[in-house]
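**Q** need the 3D shape of this:
(chains A and B)
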There are 2 protein chains.
Amino acid sequence: MGKGWNSAMYWRHLLVLSLAINIGLVAKVLLFQGAENEERLCAVEAGAEGAHFSKKAAHVNRGVGKGPSLVVAHGGRDRGRVVNLDHGDPTMYEMFWKRMDEETTIVIPGWQSVSYFSDPGNPCWFMEPEFAKQVVRIHRVVGNAVTENRYIVVGTGSTQLYQAALYALAPTGDDPNPMDVVSVAPFYSSYPLMTDFLKSGLYKWAGDAKLYDKEGPYIELVTSPNNPDGEPRTSVVNRSQGVLIHDFAYYWPQYAPITSAADHDLMLFTVSKSTGHAGIRIGWALVKDKEVAMKMTKFIELNTIGVSKDSQLRAAKILKATSDSCEGISNSKVENFFEFSFNQMTLRWMKLRAAVRKSGLFSLPDFSSEWCAYNQQAFKPQPAFAWLKCEGEIDDCEGFLKKQKILTRSGRHFGASPKYVRVSMLDRDPNFDLFVERLSTMSQIEGTTPVP
Amino acid sequence: MGKGWNSAMYWRHLLVLSLAINIGLVAKVLLFQGAENEERLCAVEAGAEGAHFSKKAAHVNRGVGKGPSLVVAHGGRDRGRVVNLDHGDPTMYEMFWKRMDEETTIVIPGWQSVSYFSDPGNPCWFMEPEFAKQVVRIHRVVGNAVTENRYIVVGTGSTQLYQAALYALAPTGDDPNPMDVVSVAPFYSSYPLMTDFLKSGLYKWAGDAKLYDKEGPYIELVTSPNNPDGEPRTSVVNRSQGVLIHDFAYYWPQYAPITSAADHDLMLFTVSKSTGHAGIRIGWALVKDKEVAMKMTKFIELNTIGVSKDSQLRAAKILKATSDSCEGISNSKVENFFEFSFNQMTLRWMKLRAAVRKSGLFSLPDFSSEWCAYNQQAFKPQPAFAWLKCEGEIDDCEGFLKKQKILTRSGRHFGASPKYVRVSMLDRDPNFDLFVERLSTMSQIEGTTPVP
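**A** Got it, this is the predicted structure:
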């Protein structure tokens, strides 16, 4: 991609992907017929509980990625296995990073990180300078955001930064009315929960931005590409007293065309979805206004007294390896990360759309093709989540898929109809393939018969 | 200490400490006379801002710990250097961990921590099993807390766990009255800020527990040994509708006698003050009630979607090395961590009390000696902070010391008189020594003359 990725290469890759699908399908048919004694993978029946994460975390697809090689699971006993695609757990990327072991392994001596401070001269005093440097570099390489004249604030994932932004943007003083927070439905299911769980007197969730008609100050959240439906988004309320938070977690070239370098007042990013390192819990904000950046820093200081230095250093190393891979200045064997991930997403969306067509029970959003300044070609979004709709008489799509032992997240959590579900497209190959296989073989009658 | 640390060794150590003080004083006199051309260390004049951390972070004592050896700074140009002892930044421990490099260095490959999940079968689904194992072990080795039949919840420092505990203990439902949170003054200065900064409708700061006379539900915070004054503490309100949070950040044998294994409903600990790794941001809670542990987990899920896996793994390795050093099962050259840190604290408190006596302007708390079940001897607390009082007519002790370029935290932040200040005892040697040197040479007249 980028410099080293031209149109011819793109078509060559599509051909390879197409062949891969064919080979995969043939193998699947063969395996499905005779594989009754295959190893049962990943069924974890444990009892974690809580909100979206813990409520359905009882079934987490794990185990397959622990060793150095992945085993693809088809048919056989897998037919009874629960596939959990409720969370956006980005385990798909693990296989890439295993090949990049040399470039990304980090060694941290025991005496490091004794101090709370990383960079006392920076308004964000707990940010590692190397992390900030690599953030600037990756945006320059990808071209997805302006970093000039911006303050960077590091957070424990973009989740913490979202709350820091609310704290920074809500009015101070003794205003008795919390500030309204809105976003166009369908919106990320955690936004209402994160906004309201402490019953803050500073801000409160006010629902769908399209229905918002109150006067006065408000915060509008713009998630683009949108979680759950992958649509590109811009603000809709546009009143004088509004302030915007742009969540760009998915504005990376494996998911969507990079149409221009985003240039907004407050933009959120995270390694969880860009490079797929959710477990290190690192996100960053690009902030135009110094006072806002300092209030966000204050939030993080009061909330967690800073952000793990170890994870900042790891994130810096991984972002560096990613930029190096894009610029072709690392080990020549190393693939461009965004080329790898783009191809994975293309392949998965082709598989998913084929399964949806075959089944006839579902539909998916249609996207428009746009020119991507990063990889110099036009393509359609291939989001990190599928916003799947159950057609016909199926009103509870989540419940319908659950009978097939596919865990997804109902549209009602996103301010939308339960005819929709959000499905993670980022799980490991065996789980994604099993999901697609089940979807493709479903019919209205089979659909109501639970998987054994 | 522990098994390998008997009374004879204790006295031998006291002798060594005493000799070290003498040698140090002689060296200081000699150096002070002729050292006009010494390197000026650590003066950072940068402009971070915010609450306690950022407001006074302009002057952070750094730089001296970057290399493998420490340089002790005396007199000379150091006379003009700002010594920042406002924060409890535990950089004192760095020198120990440099000697333990082999046992504590961690290697993390780039493909680790892609998933949000660590242990889906645990109510705290984002906790690394190895971390939980080492938490149980260190408490068994030190004997400072009961872990049997407890749930462990990991947090981004005990700061996040404190907020998680408030969320878990405050009543759910539509109670319009936030629950009162109290603690005996002087209390940790961040407690009121952390409780009230989001104007939560679930809980609110209600001040000094000794003055609390309202009926109804409340939360009492018991910090023991107490921050800022080092006193052992028990709850004081004792009404039927109260629930307790015990903050045991400093209940470790370098600071206070371990009189028994603490056995309360909700206990908080942190590596920041036990092993001195503040920058890795890891704390843990021991929780008796499963529902409370699950609500705390839920808070952390909504606040930061879990806790850095990298830092959990590092904390596990450091706790393991600490336990190994106590049990004498690691490299024979390695010193017992709690013996090292106990001796450091003993030496520092001896130096500080000597300086306070010499000056005549200040006083320090007197402590009672108690039997320590861990090192099998009686000793007086030697807290992580000095709760220093300006005697006589000095009413603003913080301001008085600031003129001497010593930054401390005024008693008024702790619900106490501004005649008191809290002073960190955990900074690197050069800064601590400079502080003590300045204190010892202060008099009423000199004190009003700013250091050049």
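**Q** would A:Gln160 count as being in a strand?
**A** No. Using DSSP: H, G, I helix; E, B strand; the rest coil, the secondary structure at A:Gln160 is helix, not a strand.
**Q** so who does it touch?
**A** Residues in contact with A:Gln160 (CB atoms under 8 Å, 6 or more residues apart in numbering or on different chains) are A:283, A:300, A:303-304, A:307, B:303-304. C-beta coordinates here come from the backbone N, C-alpha and C atoms, glycine included.
**Q** between the residues you listed, which sits nearest A:Ala384?
**A** Among those, A:Gly283 lies closest to A:Ala384 (CB to CB), at 15.2 Å.
**Q** make CSV from the contacts of A:Gln160 and add neighbour count to it.
**A** Shown next, in CSV, are those (neighbours: other CB atoms under 10 Å in any protein chain shown):
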residue, neighbour count
A:Gly283, 26
A:Ile300, 26
A:Asn303, 24
A:Thr304, 26
A:Val307, 33
B:Asn303, 25
B:Thr304, 26
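**Q** could you pull out the helices for the stretch 301-450 of chain A?
**A** Remark: helices assigned in the stretch 301-450 of chain A by DSSP state H, counting those that start in this stretch are A:309-327, A:337-359, A:397-403, A:429-440, A:444-447.
**Q** so A:Met267 bridges to which residues?
**A** The partner list for A:Met267 in beta bridges (DSSP bridges) reads A:His246, A:Leu286.
**Q** which residues touch it?
**A** When contacts are counted by CB under 8 Å, 6+ apart, A:Met267 touches A:145, A:246, A:248, A:285-287.
**Q** what two of those are the furthest from one another?
**A** Between any two of the contacts of A:Met267, the greatest separation by CB to CB is 13.0 Å, found for A:Phe248 and A:Val287.
**Q** so for those two, which sits in the more crowded spot?
**A** Per other CB atoms under 10 Å in any protein chain shown, whichever of A:Phe248 and A:Val287 has more neighbours is A:Val287, with 28 against 22.
**Q** so that one sits right up against A:Tyr151, yeah?
**A** Yes. Between A:Val287 and A:Tyr151 there is a contact under CB atoms under 8 Å: 4.6 Å.
**Q** need the residues touching each of these two.
**A** Shared contacts of A:Val287 and A:Tyr151, defined by CB under 8 Å, 6+ apart, comprise A:Ala293.
**Q** how about low-confidence regions in chain A?
**A** Applying pLDDT under 70 to chain A flags the ranges A:1-52, A:54-77, A:330-332, A:444-452.
**Q** roughly how far does the most centrally placed residue in chain A sit from chain B?
**A** Taking CA atoms, centre = their mean, the centroid of chain A lies closest to A:Lys273, which sits 4.0 Å from it. Applying CB to the nearest CB, to the nearest Å, the value for A:Lys273 to chain B is 11 Å.
**Q** assign that residue to helix, strand or coil.
**A** Three-state assignment for A:Lys273 (three-state DSSP): helix.
**Q** and it, what does it touch?
**A** A:Lys273 touches A:88, A:90, A:249-250, A:252, A:255, A:384, A:426, counting by CB under 8 Å, 6+ apart.
**Q** let me know the closest of the residues you listed to chain B.
**A** A:Pro90 (6.0 Å; CB to the nearest CB).
**Q** residues in contact with the closest residue to the closest one other than its chain neighbours?
**A** With CB to CB, 6 or more residues apart in numbering or on different chains as the criterion, A:Pro90 has its nearest non-adjacent residue at 3.8 Å, and that residue is A:Gly276. A:Gly276 makes contact with A:90-94, A:96-97, A:341, A:426, B:114, according to CB under 8 Å, 6+ apart.
**Q** A:Gln163 now?
**A** So A:Gln163 contacts A:194, A:299, A:303, B:303 (CB under 8 Å, 6+ apart).
**Q** try 10 Å
**A** Contact analysis of A:Gln163 by CB atoms under 10 Å, 6 or more residues apart in numbering or on different chains lists A:155, A:194-195, A:197-198, A:200, A:203, A:296, A:299-300, A:303, B:198, B:302-304.
**Q** just A:Val222 next, same as before
**A** By CB under 10 Å, 6+ apart, the neighbours of A:Val222 are A:183-184, A:209, A:233-237, A:244-248, A:264, A:267.
**Q** farthest pair in these?
**A** Counting by CB to CB, the most remote pair of the contacts of A:Val222 is A:Val237 and A:Phe248, 18.9 Å apart.
**Q** surely A:His277 meets A:Phe96?
**A** No. Between A:His277 and A:Phe96 there is no contact under CB atoms under 10 Å: 11.2 Å.
**Q** which neighbours do these two share?
**A** Both A:His277 and A:Phe96 are contacted by B:110-111, B:114, under the criterion CB under 10 Å, 6+ apart.
**Q** who wins on neighbours among these?
**A** Counting neighbours by other CB under 10 Å, the top entry in these is B:Val114, with 27 neighbours.
**Q** now that one. Nearest residue, chain neighbours left out?
**A** Once flanking residues are discounted, B:Val114 sits nearest to A:Glu94: 4.8 Å by CB to CB, 6+ apart.
**Q** may I see the buried residues of the strand or helix carrying that neighbour?
**A** Using DSSP states H and E, A:Glu94 maps to helix A:94-99. For helix A:94-99, burial by neighbour count (16 or more other CB atoms under 10 Å in any protein chain shown) applies to A:94-98.
**Q** which one of those is nearest A:Thr408?
**A** Distances from A:Thr408 to those, taken by CB to CB, are shortest for A:Glu94, at 21.6 Å.
**Q** ok, and the most crowded of the contacts of A:Val222?
**A** Of those, with other CB under 10 Å as the count, A:Ser183 tops at 31 neighbours.
**Q** overlap in contacts, A:Phe248 and A:Val287.
**A** Joint contacts of A:Phe248 and A:Val287 (CB under 10 Å, 6+ apart) are A:264, A:267-268.
**Q** so what's the gap between stretch A:292-302 and the chain middle?
**A** Between the centre of stretch A:292-302 and the centre of its chain there are 24 Å (CA atoms, centre = their mean, to the nearest Å).
**Q** equivalent analysis for stretch A:246-255, please.
**A** 8 Å.
**Q** can I get the CA coordinates of that stretch in CSV?
**A** Output of stretch A:246-255 as CSV, limited to C-alpha atoms (Å, rounded to 0.1, in the frame of the first residue of the first chain):
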residue,chain,number,x,y,z
HIS,A,246,-14.8,12.9,16.8
ASP,A,247,-14.2,9.2,17.5
PHE,A,248,-11.9,8.0,14.7
ALA,A,249,-11.2,4.5,16.2
TYR,A,250,-12.0,3.0,12.8
TYR,A,251,-10.6,5.6,10.5
TRP,A,252,-7.8,3.4,9.2
PRO,A,253,-7.2,2.2,5.7
GLN,A,254,-8.1,-1.5,6.3
TYR,A,255,-11.7,-0.4,7.1
